[in-house]
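Novice: here is a sequence together with a model predicted from it:
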Amino acid sequence: MAELTNPERRMLRAMKNRLESWSLEEILETCDWSDQAVAVSAGHGLSNHGYVKMSETSVTDVILGEEGEKAASSGLLEARLWDFIQSNPDATMRDISSNFERHEAGPGVGLLKGLGIEIQGGSFTCDDPESVTSAISERTEFIKSPSLESPLYSHFKSRKNLVEMVEVVTRTWKVTKSGMNIPDEDLEEVVRIAEITPELLQTDTWKDAQFRPYDVSLEANMPRSGRSHPMQALIERIRSIFLEMGFSELVEDYVQTAGWNMDALFIPQDHPAREMQDTFYLDNPKQINIDPKTLADWKAIHEYGGDTESTGWGGEFSEEVSQKGLLRTHTTVNTIQYLAQNPSEPCRVFAIDRVFRKERIDRTHLPEFHQIEGIIMEPGANLGMLVSTLKTFYAKMGYPEVRVRPAYFPYTEPSLEVEVKWRGKWLELGGAGIFRPEVTEPLGIKDPVCAWGMGLERLAMLVLGLDDIRQLYISDLEWLRNQPIL
Ligand code: PHE
């Protein structure tokens, strides 16, 4: 037998005593309920189980509206006015105004006129007071028991909020054969525990108790609770993927020198990206000292290739340009400094951090964004290792299709562009490559270094399905609440 609720048990037990149809009122009385909803829902439950058959008939009826209810308790406006005029035969319009509500006087006079009462010189006259009295008492009768059939219905319908048409559903229930077959013993009401409390667990009663099952298909309110911003959640996820892959995290300042941000990476000093329109140079600190030995090494590399076999960029290297303060334009400025400090220990390092570029804000650009940077330095590190590391990372993020294309960066050779397939299209997410000797040799690095830098916001747009990067930072609460848990 299907599990029945207590109200269903009570209702079926009652109905088994009589085979004819039951009305709602009969059920309420027999089951000792005052709430119609309990009876109707138990009836629905039983009829879903096939134990009772429900019939519904619906009729249109008329009920009193808000004004109608008032009229029923304190009299129709015309009735009250008529009483007043009859007991004050000399009453004037002014008396009406002072004895009735302000909003009643106007419509009231209209109603009186409609009943054949005239206003002459401010006072009231009537040729046939009897017919007025009888018309008013008919109306009062209607208000006592409104009916669609009454000729007065159309009169009241035209008055505001006096009557309303409603659809009245009448239900009756009849027990079925399979309902009759359920023995009364199975219809005993049981105490069911809906909530598990500490008190309950302290006694033994729960051992024999019945527990109300959860209906997981019911609609429920989503509790609103605090949660991480999707960007923060994404950063956490990326962080744990790199940690899982054996990388250590590097966290560094974003105020840096042009020297480490560019010169150390063999970006020529006349490179267009170094110009004011791309880089935020700082007034404070305007210059940051770099040790003379490092400056001398970069100068040699840039001007003629130093001790490497490179020919360098030629021209004259400026140590002053090198020491300019700026907001880092990429996180490679930090991995290269890490390598400078640890040139001979193999390492796997990553950073997820903020970078700055003078970009005009639009659908795909922000002047302040994040990069996911990484390096692998170890004997034998090579391009295949670099590509498979990036593929593994993106696969763990849920993007198994990754391809690389040849690219150019002044500090890597070979250089790659990394693309990920998303909704059938290849999207460029970052750059990668193997650091050039011009970068590694002056730092005393002997092993090859695989390096990459990718846009975090670009990736976030894929993960969250956005086509406008600004959505990530506009604090749109509704949108934030509806983001998936990453
Ligand atoms: N720094 C590059 C950028 O900002 C990315 C990159 C990092 C490329 C490391 C190669 C190696 O786009």
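Specialist: Cool, got the structure. Numbers count the residues shown, from 1 in each chain.

Novice: outline the domain layout of the chain.
Specialist: 1-58+169-177, 66-161, 231-254+328-481 (automatic domain parsing).

Novice: can you check which of the ones you listed gets nearest to I301?
Specialist: Nearest of the domains of the chain to I301, taken as CB to CB: domain 231-254+328-481 at 5.3 Å. In short, each C-beta sits where N, CA and C put it, glycine included.

Novice: end to end, how far does the closest one reach?
Specialist: 13 Å (CA to CA, to the nearest Å).

Novice: quick one: it near the ligand?
Specialist: Yes. Against the ligand, domain 231-254+328-481 shows contacts by CB under 6 Å from any ligand atom at H330, T332, F409, T412, G430, G431, A432, G433, A451, W452, G453.

Novice: from the chain's centroid, how far away is that domain?
Specialist: Here domain 231-254+328-481 is found 29 Å from its chain centre; the criterion is CA atoms, centre = their mean, to the nearest Å.

Novice: what mean pLDDT does it get?
Specialist: The average pLDDT for domain 231-254+328-481 rounds to 96.

Novice: where along the stretch 201-350 of the chain do the helices fall?
Specialist: Here the stretch 201-350 of the chain has its helices, by DSSP state H, counting those that start in this stretch, at 230-244, 258-261, 292-304, 319-322, 332-341.

Novice: hmm, who's touching the fourth one?
Specialist: Right, helix 319-322. T257, A258, G259, D263, Q269, Q287, I290, L295, W298, K299 (CB atoms under 8 Å, 6 or more residues apart in numbering).

Novice: try it again with 6 Å
Specialist: With CB atoms under 6 Å, 6 or more residues apart in numbering as the test, helix 319-322 has contacts from A258, G259, D263, Q269, L295.

Novice: in the stretch 251-400 of the chain, what residue lies closest to the ligand?
Specialist: Nearest residue of the stretch 251-400 of the chain to the ligand, counting by CB to the nearest ligand atom: H330, 3.5 Å away.

Novice: quick one: contacts for that residue?
Specialist: Neighbour list for H330: V355, G453 [criterion: CB under 6 Å, 6+ apart].

Novice: other SSEs contacting the helix or strand harbouring C450?
Specialist: Using DSSP states H and E, C450 sits within strand 449-455. If you count contacts as 3 or more CB pairs under 6 Å, 6 or more residues apart in numbering; DSSP states H and E, strand 449-455 packs onto strand 368-377, strand 425-435.

Novice: for L295, list the residues it contacts.
Specialist: Each residue near L295 by CB under 6 Å, 6+ apart is listed here: E319, S322.

Novice: quick one: pLDDT of it?
Specialist: Looking at L295, the pLDDT reads 97.

Novice: same check, this time on E275
Specialist: The model reports E275 with a pLDDT of 86.

Novice: quick one: it from R436, how far?
Specialist: Distance, E275 to R436, using CB to CB, to the nearest Å: 23 Å.

Novice: check E164 too.
Specialist: Computed as CB to CB, the E164 to R436 distance reads 85 Å.

Novice: next one: phi and psi at S178?
Specialist: phi -70, psi -30 (degrees, to the nearest 10).

Novice: look up how far the ligand lies from the residue in the chain sticking out farthest from the centre.
Specialist: Note on the chain: the largest C-alpha distance from the chain mean falls to D127, namely 70.5 Å (CA atoms, centre = their mean). Using CB to the nearest ligand atom, to the nearest Å, D127 is found at 99 Å from the ligand.

Novice: still on that earlier bit, who has more neighbours, E275 and R436?
Specialist: Taking other CB atoms under 10 Å, E275 and R436 do not tie; R436 has more neighbours (21 against 11).

Novice: which non-adjacent residue is nearest that one?
Specialist: Using CB to CB, 6 or more residues apart in numbering and skipping the chain neighbours, the partner closest in space to R436 is E413 (4.9 Å).

Novice: next, give phi and psi for that neighbour.
Specialist: Residue torsions, per degrees, to the nearest 10, at E413 are phi -160, psi 120.

Novice: re the thing from before, between the residues of domain 231-254+328-481 next to the ligand, which is closest to S123?
Specialist: Of all these, S123 sits closest to G430, with 93.8 Å by CB to CB.

Novice: now do the contacts for the residue nearest to the closest one when sequence neighbours are not counted.
Specialist: Closest residue in space to G430, ignoring its immediate chain neighbours: M454 at 2.9 Å, by CB to CB, 6+ apart. Taking CB under 6 Å, 6+ apart as the contact definition, M454 lies against I372, L429, G430.

Novice: by neighbour count, which of those wins?
Specialist: Of all these, I372 has the most neighbours under the rule other CB under 10 Å, reaching 25 neighbours.

Novice: for that residue, which non-adjacent residue is closest in space?
Specialist: For I372, the spatially nearest residue (CB to CB, 6+ apart) is M454, at 4.7 Å.

Novice: tell me which of the helices and strands packed on strand 449-455 sits most buried.
Specialist: strand 368-377 (a mean of 23; mean count of other CB atoms under 10 Å).

Novice: and the next element down the chain from that one?
Specialist: helix 383-397.

Novice: list of residues touching that next one?
Specialist: Here helix 383-397 makes contact (CB under 6 Å, 6+ apart) with I241, V402, V404, V418, V420, A432, C450.

Novice: if you set the cut-off to 8 Å instead, what comes out?
Specialist: With CB under 8 Å, 6+ apart as the criterion, helix 383-397 contacts 237-238, 241-242, 244-245, 374, 376, 400, 402, 404, 414, 416, 418, 420, 432-434, 450, 452, 459, 463.

Novice: buried members of these into ChimeraX, please.
Specialist: To isolate the buried members of those in ChimeraX, using 16 or more other CB atoms under 10 Å:
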select :238,241,242,374,376,402,404,416,418,420,432,433,434,450,452,459,463
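
Novice: could you save the helices of the stretch 201-350 of the chain as a markdown table and add columns showing distance to W33?
Specialist: Below are these laid out as a markdown table (distance: least, CB to CB, whole Å):
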| stretch | distance to W33 |
| --- | --- |
| helix 230-244 | 49 |
| helix 258-261 | 78 |
| helix 292-304 | 88 |
| helix 319-322 | 87 |
| helix 332-341 | 72 |
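
Novice: mean neighbour count, these: which tops it?
Specialist: Note that of the helices of the stretch 201-350 of the chain, helix 258-261 is the most buried (mean count of other CB under 10 Å), with a mean of 24.
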